[in-house]
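*Asks:* have a look at this fold, sequence not included:
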């Protein structure tokens, strides 16, 4: 009888405490405010553009508590992405190791694991540093994806590993881009029946990967809305793929100029000036490759923000322009920049100011 009485008192007390906490959480409109978890607080801070030391400290604190596997994977992923931006290559190695560990952990969702593999490739392509390339393709299963003397094919195989875990849009578009580049190189004035068969097969793969990427972009939009900062980058990459296919004469799978404009509209919604710069550069590069000086006015309209304004104060676009001058052999981006400089003299002056010898 006493035990029943005690249990009843505890239940009443617990209900009272919960009611008081709930009432304390009522805002002035009488609506209950959500009490955020440490992971949610860290994530809001990170998504707000605070991806430096403060965000890192918050994520490290979340790992000290008891977390679900999803929250743990998220915190470790964010910490690795912060380390990936460090100028210290040893910290970048640490980020690569962390992403590989996420990818290998079967307790984590396939979505986090696929994203982790894709991000490993992103670290290399942000710098084109051979040391990073060598570090990435060590250990199982990564060493099996290495193709000697072919960086892009090595990464295509790495992205296929990411896709096998989860078809994240970044990886799908990277794969599509590789095949689109191959189609462009095969599409000469004189095409044999064997080459045409290869082009047709690769075009089918590109279409399949674009459709898969579109599905993942829709997933991101459902979870994060049209203002999710990933959307402009993905739409820009999608436009790049369509641009390569257009150059090869494959015009029935999508209009690259429409795609670039959609990417620019998406940037306006998110307010990301860095991605705005990259999208304008890629759009201008496409126009230069296909139309050359015939579209010089449109090219200059896209490029003039770089030399007439200072809106790209985060410098990431200019860092990209600067780094490309030192990449050997010259990349497709390096060739595009040289082509743009030959069309727009003001843009040429900008590149010269960044150390280019033109």
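*Replies:* Arrived safely. All values derive from a computational prediction rather than experimental measurement.

*Asks:* tally of neighbours for residue 166?
*Replies:* Burial of residue 166 is recorded as 18 neighbouring residues (other CB atoms under 10 Å). Yep, even glycine has a C-beta here, placed from its N, CA and C like the rest.

*Asks:* OK, contacts around it?
*Replies:* Remark: with contacts taken as CB atoms under 8 Å, 6 or more residues apart in numbering, residue 166 is in contact with 109-111, 113-115.

*Asks:* which non-adjacent residue is nearest residue 70?
*Replies:* residue 109 (6.3 Å; CB to CB, 6 or more residues apart in numbering).

*Asks:* follow-up on the earlier one: looking at the contacts of residue 166, which are in helices?
*Replies:* With helices taken from DSSP state H, the overlap with the contacts of residue 166 comprises 110-111, 113-115.

*Asks:* all helices of the stretch 251-358 of the chain, in order?
*Replies:* Listed from the start of the chain, the stretch 251-358 of the chain has helices (DSSP state H, counting those that start in this stretch) covering 256-270, 273-291, 296-308, 316-324, 332-343, 345-353.

*Asks:* and if you look at the stretch 51-200 of the chain?
*Replies:* Listed from the start of the chain, the stretch 51-200 of the chain has helices (DSSP H, counting those that start in this stretch) covering 53-62, 69-84, 89-104, 110-125, 130-136, 151-165, 169-186, 193-224.

*Asks:* with residue 352 as the reference, name the closest of those helices.
*Replies:* Shortest separation from residue 352 across those is recorded for helix 110-125, at 25.2 Å, computed as CB to CB.

*Asks:* hang on, the earlier thing: quick one: the ones in helices among the contacts of residue 166 as a markdown table, columns for distance to residue 298 too.
*Replies:* Shown next, in a markdown table, are the ones in helices among the contacts of residue 166 (distance: CB to CB, whole Å):
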| residue | distance to residue 298 |
| --- | --- |
| 110 | 42 |
| 111 | 39 |
| 113 | 42 |
| 114 | 37 |
| 115 | 35 |
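
*Asks:* can you redo the helices of the stretch 251-358 of the chain as CSV with distance to residue 158, mean pLDDT and mean neighbour count?
*Replies:* Putting the helices of the stretch 251-358 of the chain into CSV (distance: least, CB to CB, whole Å; pLDDT from 0 to 100; neighbours: other CB atoms under 10 Å) gives the following:
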stretch, distance to residue 158, mean pLDDT, mean neighbour count
helix 256-270, 25, 94, 18
helix 273-291, 22, 94, 22
helix 296-308, 32, 96, 17
helix 316-324, 21, 90, 17
helix 332-343, 19, 96, 18
helix 345-353, 31, 97, 16
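
*Asks:* any chance of CSV for these, columns distance to residue 127?
*Replies:* Formatted as CSV, the entries for these read as follows, by distance: least, CB to CB, whole Å:
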stretch, distance to residue 127
helix 256-270, 23
helix 273-291, 15
helix 296-308, 21
helix 316-324, 7
helix 332-343, 13
helix 345-353, 19
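
*Asks:* mind checking which of these is nearest residue 157?
*Replies:* Taking the helices of the stretch 251-358 of the chain one by one with CB to CB, helix 332-343 is closest: 19.4 Å.

*Asks:* for the closest one, packing partners?
*Replies:* The elements that helix 332-343 packs onto, with contact taken as 3 or more CB pairs under 8 Å, 6 or more residues apart in numbering; DSSP states H and E, are helix 273-291, helix 296-308, helix 316-324, helix 345-353.

*Asks:* and the longest one, how far out from the chain middle?
*Replies:* Okay, so that is helix 273-291. In terms of CA atoms, centre = their mean, to the nearest Å, the centre of helix 273-291 is set 17 Å apart from its chain centre.

*Asks:* swap in the third one?
*Replies:* Taking the mean C-alpha point of helix 316-324 and that of its whole chain, the gap between them comes to 17 Å (CA atoms, centre = their mean).

*Asks:* report all helices and strands that that helix contacts.
*Replies:* Applying 3+ CB pairs under 8 Å, 6+ apart, one finds that helix 316-324 contacts helix 273-291, helix 332-343.

*Asks:* make a markdown table out of those helices and add distance to residue 206.
*Replies:* A markdown table is the format used below for the helices and strands packed on helix 316-324 (distance: least, CB to CB, whole Å):
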| stretch | distance to residue 206 |
| --- | --- |
| helix 273-291 | 16 |
| helix 332-343 | 17 |
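
*Asks:* still on that earlier bit, of all the contacts of residue 166, which comes closest to residue 187?
*Replies:* residue 114 (31.1 Å).

*Asks:* ok, residue 296 touching residue 342?
*Replies:* No: Residue 296 is beyond contact range of residue 342, at 10.1 Å (criterion: CB atoms under 8 Å).

*Asks:* coming back round to it: want to throw the helices and strands packed on helix 332-343 into CSV with distance to residue 162?
*Replies:* Below are these laid out as CSV (distance: least, CB to CB, whole Å):
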stretch, distance to residue 162
helix 273-291, 21
helix 296-308, 31
helix 316-324, 23
helix 345-353, 33
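
*Asks:* low-scoring stretches of this structure, by residue?
*Replies:* Counting by pLDDT under 70, the chain shows low-confidence ranges at 1-52, 313-314.

*Asks:* now with 80, please.
*Replies:* Residues of the chain meeting the criterion pLDDT under 80: 1-55, 66, 189, 224-227, 271-273, 313-315, 328.

*Asks:* how is it carved up into domains?
*Replies:* Under the assignment named as automatic domain parsing, the residue ranges that make up the domains of the chain are 37-166, 168-264, 272-358.

*Asks:* ends of the second one, what's the gap?
*Replies:* One end of domain 168-264 sits 22 Å from the other (CA to CA, to the nearest Å).

*Asks:* next one: the last one
*Replies:* Using CA to CA, the end-to-end distance of domain 272-358 comes to 30 Å.
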